[in-house]
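Chemist: here is a sequence together with a model predicted from it:
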Amino acid sequence: MSVAAQVGEKLFNDTILSSTGAMSCATCHDKGNHHAAPDTRSVPAGADSGHEAGRQAPSLQYLKFNTRFYFAKDGTPTGGFTWDGRATTLGDQASGPLLNPNEMANTSVEDVVAKLKRSNNAAEFKKVFGSDIFDRPADAFARLQYALQQYQLEDPDFAPFSSKFDLWLAGKVQLTATELKGWSLFNDPNKGNCAACHISTAADGHPPLFTDFTYDTLGVPRNLEIQANADASYYDLGLCGPVRTDLAARTDLCGAFRVPTLRNVAKTAPYFHNGALKTLTDAVRFYVRRDTNPEEWYPTDGAGTVQKFNDLPLAYRKNVNTTEAPYNRKPGESPALTESEIADVVAFLNTLTDGYTP
């Protein structure tokens with residue numbers, strides 16, 4: 001790695017950059033767990049007691065292949081970093097937690113740089129970026145962003161392509177009959193139809209990423225474990241706010257969140273932006289039973305009516321994807337996958353875990 005990436009790696013693991021001196025980037029993006037959260041909390045705890053991040057901490061792996069946010073020719077929102085795509089680069093994304101009062105809880109760019117100046121890595125930072133870099137806090141912060149970005153771009157651990165699936169593609173191992181059946185169901189447009197968003201074909205000289213970096217409105221159940229959701233009037237609406245503000249007028253995008261990669265998905269529970277579902281089996285089950293059996297996922301009101309898509313205001317529930325398989329079903333109809341087939345898909349998804357040894 002370049003010297004900038006090397007100092008970026010050290011700072012990624014440096015707890016001094018948080019308000020309490022006890023949290024680093026690696027606290028929520030643990031290298032030992034594919035750069036995802038090391039625990040199964042719905043959302044990570046913040047540096048300051050009583051605070052927590054508003055969203056689940058996803059893996060940082062394979063994001064090097066992402067782009068800045070844009071609208072495709074057909075109007076599809078695509079690219080961008082973080083769950084709502086508001087960050088334009090990996091460096092921009094890295095600055096978010098540093099300045100978020102509910103995460104690393106620094107008060108300003110100057111506050112971060114003052115801590116960086118006291119870090120054990122300060123001398124190396126100056127050696128790489130200039131002896132007077134700390135005299136220019138805005139520049140020092142920009143170089144910190146750059147270093148963290150280069151670490152993620154250059155360290156092969158962020159895109160190892162070392163799963164059983166990758167070895168199978170290379171003809172070095174065989175998938176089991178169950179895994180192969182799951183692979184077929186994953187790709188079948190009338191069954192799992194997972195590949196519609198989690199692209200399963202190679203592109204641009206690398207193996208499949210299992211994401212198209214677009215956005216979808218899934219109507220995931222409200223997670224009452226999240227502190228902010230104690231306020232019944234609060235809703236996290238993804239692309240249209242409240243964290244992202246430039247698309248607030250695009251109410252047709254309310255509830256849409258970025259499609260994550262499925263690589264290492266078996267190790268990165270809980271699932272979805274709000275960590276509402278705790279197991280991979282339940283996440284797959286939700287996709288195929290959300291519309292046929294909504295009572296399994298959503299609460300009922302006093303009259304016994306299921307409050308479907310209850311983590312969206314009524315006006316935005318029409319945004320939820322109900323046209324593509326497996327969502328295009330009605331209550332009482334058969335789900336697109338049986339319980340046995342759900343197990344097959346989960347078996348396949350387990351082949352996407354990096355670090356596989358035959």
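Modeler: Perfect, thanks for sending it.
Chemist: can we go C-alpha only for contacts and neighbour counts from here?
Modeler: OK.
Chemist: for the top helix by length along the chain, packing partners?
Modeler: Ranked by residue count and defined by DSSP state H, the top helix of the chain is helix 137-154. Packing partners of helix 137-154 (3 or more C-alpha pairs under 8 Å, 6 or more residues apart in numbering; DSSP states H and E): helix 3-12, helix 90-99, helix 109-118.
Chemist: looking at the residue nearest the centre of the chain now. What's its pLDDT?
Modeler: By C-alpha atoms, centre = their mean, the chain has its centre lying nearest to Pro58, at 3.5 Å. At Pro58, the pLDDT value in this model is 94.
Chemist: excluding chain neighbours, what is closest to it?
Modeler: Computed as C-alpha to C-alpha, 6 or more residues apart in numbering, the closest residue to Pro58 that is not its neighbour in sequence is Ala36, at 5.4 Å.
Chemist: returning to that earlier point: let me know the average pLDDT across the next helix or strand after the longest helix of the chain.
Modeler: On the C-terminal side of helix 137-154, the closest following helix or strand by DSSP states H and E is helix 164-169. Mean per-residue pLDDT for helix 164-169: 98.
Chemist: hang on, the residue nearest to the centre of the chain in a strand?
Modeler: No: with DSSP: H, G, I helix; E, B strand; the rest coil as the criterion, Pro58 is coil rather than part of a strand.
Chemist: quick check: phi and psi at it.
Modeler: phi -80, psi 170 (degrees, to the nearest 10).
Chemist: likewise for Tyr70?
Modeler: The phi/psi pair for Tyr70 (degrees, to the nearest 10) is phi -160, psi 160.
Chemist: OK, contacts around Gln150?
Modeler: Gln150 makes contacts with Ser2, Ala4, Ala5, Gly8, as judged by C-alpha atoms under 8 Å, 6 or more residues apart in numbering.
Chemist: switch to 6 Å and redo it
Modeler: Ala5 (C-alpha atoms under 6 Å, 6 or more residues apart in numbering).
Chemist: look up how far Thr27 lies from it.
Modeler: According to C-alpha to C-alpha, to the nearest Å, Gln150 and Thr27 sit 19 Å apart.
Chemist: look up the closest residue to Lys330, ignoring the ones flanking it.
Modeler: Nearest non-adjacent residue to Lys330 (C-alpha to C-alpha, 6+ apart): Thr292, at 5.2 Å.
Chemist: was I right about that neighbour contacting Asn328?
Modeler: No: when contacts are counted by C-alpha atoms under 6 Å, Thr292 is not listed as touching Asn328 (9.1 Å).
Chemist: more neighbours: those two, which one.
Modeler: Remark: of Thr292 and Asn328, Thr292 carries more neighbours, 21 against 14, as counted by other C-alpha atoms under 10 Å.
Chemist: what's the domain layout of this protein?
Modeler: 3-66+90-158, 161-233+247-358 (automatic domain parsing).
Chemist: where's Ala343 relative to Asp84, distance?
Modeler: Distance, Ala343 to Asp84, by C-alpha to C-alpha: 30 Å.
Chemist: between these two, who's got more neighbours?
Modeler: Asp84 (23 against 20).
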